[in-house]
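J.: Sequence below, structure please.
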Amino acid sequence: MEEKTKAKRKRISIIIYLLLTALIILSLIYIINFFSLKQEAKEQSKLLNAIDIYEKEVAKNTLEDEERVIEENEETVIGKNTEEQKKETERMLQVKQLQGQNTDIVGWLEIENTNINYPVLQGADNNYYMTHNYKNEKSKNGSIFLEANYNWNIPSNNLLIYGHNLGNGMMFQELLKYEKKSFYQEHPVIRFTTAEEDTEYEIISVFKSRVYYKSEKNVFRYYYFINNESEEEYNEFVKNAKNASLYPIDATASYGDQLITLSTCSYYVEDGRFAVVGRKIEQDSK
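T.: Just a heads-up that it's a prediction; the model follows:
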């Protein structure tokens, strides 16, 4: 009887030892991941600081040239004051500077007063920048990236942009806040800047979706829409996006309007997705 008791105690000791070992290993993994994500956030902060410094340098170095141009050129840009035009020019110059570091950088995406303020990359496929940052380094955060099939030579009708939904609040995690109409009302505009233009998009729809099976019919596969083959196809996309919206939004799009769609994962169902669609605000309507 005593031997059985000793054997039982030994088994219990081994189980406890294994559980403690597993707990220590899991704790170490959590700590490593935490500091890894923290380092990514630090790198992103450095990038934003560098851009801010660059913007101040550009403003300082070009002030005299801009004053000379203003004096020589009596014509003014209708609907734009000098300060706004200068700001847009600086943002485009920033994108050009970043493209010197990585030619895959196609623009900069920002939603004011949120953490969504990142360079946008476009790879040869949609896999690389899911696991790499703008420096081509391995990163769990990945990057904000444009659909690989977007054709800049057309250009395509819809800038379909992806980003991870991360628990640390980075990348596209804040997109899910658009589930509340109050958040949309406070953040109704998406800003997207390339080396050629600095553009704003007014949001026209916010909706939940998922990745559908091929066998499923009559479903809204928004993630397939990049460029329409007809006016009917474009209008069908806009209609489906408006119908799927979590709440009514007055703004809409008409055939020919450039669109932008921000997409991220949402875990309310298996393979769930969350999307925000915007319509380009033409310069003459600002």
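
J.: now the closest residue in space to residue 247 that isn't next to it in sequence: how far from residue 141?
T.: Excluding the flanking residues, the one nearest residue 247 by C-beta to C-beta, 6 or more residues apart in numbering is residue 181, at 4.5 Å. No exception for glycine: its C-beta is placed from N, CA and C like everyone else's. Separation of residue 181 from residue 141 (C-beta to C-beta, to the nearest Å) stands at 29 Å.

J.: With neighbour numbers in mind, choose between the two.
T.: Higher neighbour count among residue 181 and residue 141: residue 141, with 22 against 13, using other C-beta atoms under 10 Å.

J.: which SS class is that one?
T.: coil (DSSP: H, G, I helix; E, B strand; the rest coil).

J.: Verify the stated contact: the residue nearest to residue 247 with residue 245.
T.: No - taking contacts as C-beta atoms under 8 Å, residue 181 lies outside contact range of residue 245: 10.0 Å.

J.: Check which helices and strands the lengthiest strand in the chain sits against.
T.: Counting residues, the longest strand found in the chain (DSSP state E) is strand 198-210. For strand 198-210, the packing partners by 3 or more C-beta pairs under 8 Å, 6 or more residues apart in numbering; DSSP states H and E come out as helix 82-99, strand 189-193, helix 231-244, strand 272-280.

J.: Tell me where the stretch 101-250 of the chain has helices.
T.: Under the criterion DSSP state H, counting those that start in this stretch, the stretch 101-250 of the chain contains helices at 181-186, 231-244.

J.: ok, back up a step: and of the helices and strands packed on strand 198-210, who's closest to residue 206?
T.: Smallest distance to residue 206 across these (C-beta to C-beta): 5.3 Å, for strand 272-280.

J.: Outside of that closest one itself, list whatever touches it.
T.: Strand 272-280 is contacted by residues 165, 175-176, 178-179, 189-190, 199-211, 222-223, 241, 251-253, 257-266 when judged by C-beta atoms under 8 Å, 6 or more residues apart in numbering.
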